[in-house]
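S.K.: Quick check, what structure comes out for this input:
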Amino acid sequence: MENDKIIKIILDCNRYLKSITDSRFVFSGSYGLFLNKIILNRGFKDIDIKFLDLSVEERKKLQIEFEPHIDKCANIPIELEYSEVIIEDVPLLVYTPQSIINAKKYQLDYINKETTIKTERRLAQKEKILADLKYLKETYGIE
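M.R.: Numbering: from 1, shown residues only. Predicted coordinates for the structure are as follows:
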């Protein structure tokens, strides 16, 4: 996908989310990496968003109708840092690349240790995370 289309999706997503919630939110995942000038070697699937001011119950109740799909990131018990990035004069909160990588590693550990039922979806998620981590290490030297 071309960079200008990705930026349009991000800005449209930001505008949409601001229209349905007052919560601050942070871009994560592949879109978060893109906002940090890191491009994965795969297409974009969904937009990973962490809502900072919503409880678990409030997050679950938040009705989102946006394409591509917005994944409401769960709370995880590790420290994640974010910063502000300005795109076309619009301030966006985005997790740092290291925080995104740490979240991916946490997900991987969770799948390996905590998940007793290894569904096809979980196994595919594991493979995607492993591929992303390998690519980020080989291409950008970050792990």
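
S.K.: Please make it C-alpha for all contacts and neighbour counts, starting now.
M.R.: Noted.

S.K.: pull the longest helix from the protein.
M.R.: When the chain is parsed with DSSP state H, its longest helix is helix 120-140.

S.K.: starting at the chain centroid, how far to that one?
M.R.: Counting by Cα atoms, centre = their mean, to the nearest Å, helix 120-140 is centred 14 Å from the centre of its parent chain.

S.K.: May I see the buried residues of it?
M.R.: Lys126, Ile129, Asp132, Leu133, Tyr135, Leu136 (16 or more other Cα atoms under 10 Å).

S.K.: Reformat those residues as CSV; add pLDDT and distance to Arg24.
M.R.: Formatted as CSV, the buried residues of helix 120-140 follow (pLDDT from 0 to 100; distance: Cα to Cα, whole Å):
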residue, pLDDT, distance to Arg24
Lys126, 92, 29
Ile129, 95, 26
Asp132, 96, 27
Leu133, 97, 28
Tyr135, 97, 30
Leu136, 97, 28
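
S.K.: between those, which is closest to Ile70?
M.R.: Ile70 has its nearest neighbour among the buried residues of helix 120-140 in Ile129, at 18.1 Å by Cα to Cα.

S.K.: Could you list the low-pLDDT ranges of this protein?
M.R.: Across the chain, the ranges flagged by pLDDT under 70 are 114-117.

S.K.: again, 90 this time
M.R.: Where the chain drops to pLDDT under 90, the residues are 1, 45, 74-75, 110-124, 143.

S.K.: all strands of it, in order?
M.R.: 25-27, 47-51, 70-72, 82-87, 90-95 (DSSP state E).

S.K.: I'd like these as JSON lines, with distance to Ser19 appended.
M.R.: Formatted as JSON lines, the strands of the chain follow (distance: least, Cα to Cα, whole Å):
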{"stretch": "strand 25-27", "distance to Ser19": "12"}
{"stretch": "strand 47-51", "distance to Ser19": "14"}
{"stretch": "strand 70-72", "distance to Ser19": "15"}
{"stretch": "strand 82-87", "distance to Ser19": "18"}
{"stretch": "strand 90-95", "distance to Ser19": "15"}
